[in-house]
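Peer 1: Take this sequence and fold it.
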Amino acid sequence: MKTSGLLTASGDFKQKKDVIVIHPNDGFDLGLMTTKYQVQIVMGETPETFLKGGGKAVPGTLLLVNECPNGTIRLNLAQWQDLGKPRQLRLCCEADKVLIAKT
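Peer 2: Numbering: from 1, shown residues only. From the prediction side, this is the model:
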């Protein structure tokens with residue numbers, strides 16, 4: 001499993017619920033080289049639970065966008081609020097699944 005560094009979290013009410021946006025440099029840390037990935041998104045679980053296949057996965061899109069500041073993750077505002085409005089998050093990737101983990 002590949003893991004990002006700590007990412008500053010922000011919520012955007014204009015962003016779709018099934019979209020995660022990060023900077024391409026942060027994507028490179030996860031082994032991601034293109035700008036768009038269709039993934040299964042798991043939110044709020046621990047990495048251990050995620051590796052065991054736990055957590056509800058929903059289909060979504062991971063975008064690598066230069067306009068997103070390096071070291072930042074943008075989520076839909078409601079998702080960010082559901083996670084408890086964390087200041088920082090970490091992404092974990094395993095195959096086509098992505099975990100949005102609180103730190």
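
Peer 1: now stretch 23-34: mean pLDDT?
Peer 2: On average, the pLDDT along stretch 23-34 is 94.

Peer 1: Start and end of that stretch, how far apart?
Peer 2: 11 Å (CA to CA, to the nearest Å).

Peer 1: For the closest residue to residue 46 other than its chain neighbours, which residues are in contact?
Peer 2: Nearest in space to residue 46, with sequence neighbours left out and distances taken as CB to CB, 6 or more residues apart in numbering, is residue 101 at 6.9 Å. No exception for glycine: its C-beta is placed from N, CA and C like everyone else's. Residue 101 makes contact with 44-47, 50, 89-92, according to CB atoms under 8 Å, 6 or more residues apart in numbering.

Peer 1: ok, which stretches of this protein are strands?
Peer 2: 2-3, 7-12, 19-22, 36-43, 57-64, 72-76, 88-94, 97-102 (DSSP state E).

Peer 1: wait, which of these is closest to residue 29?
Peer 2: strand 2-3 (7.3 Å; CB to CB).

Peer 1: Show residues contacting the closest one.
Peer 2: Contacts of strand 2-3 (CB under 8 Å, 6+ apart): 29-31, 47, 90-94.

Peer 1: still on that earlier bit, which of the contacts of residue 101 sits closest to residue 61?
Peer 2: Taking these together and measuring to residue 61 by CB to CB, the closest member is residue 91, at 13.6 Å.

Peer 1: For residue 96, see how far away residue 103 is.
Peer 2: Using CB to CB, to the nearest Å, residue 103 is found at 23 Å from residue 96.

Peer 1: Oops, could you answer that again for residue 78 instead?
Peer 2: Taken as CB to CB, the span from residue 78 to residue 96 is 24 Å.

Peer 1: if we can go back for a sec, which strand residues bridge the residue nearest to residue 46?
Peer 2: Counting by DSSP bridges, residue 101 forms beta bridges with residue 90.

Peer 1: Give me the pLDDT value at it.
Peer 2: Looking at residue 101, its pLDDT is 93.

Peer 1: Then residue 53?
Peer 2: pLDDT, read off for residue 53, is 87.
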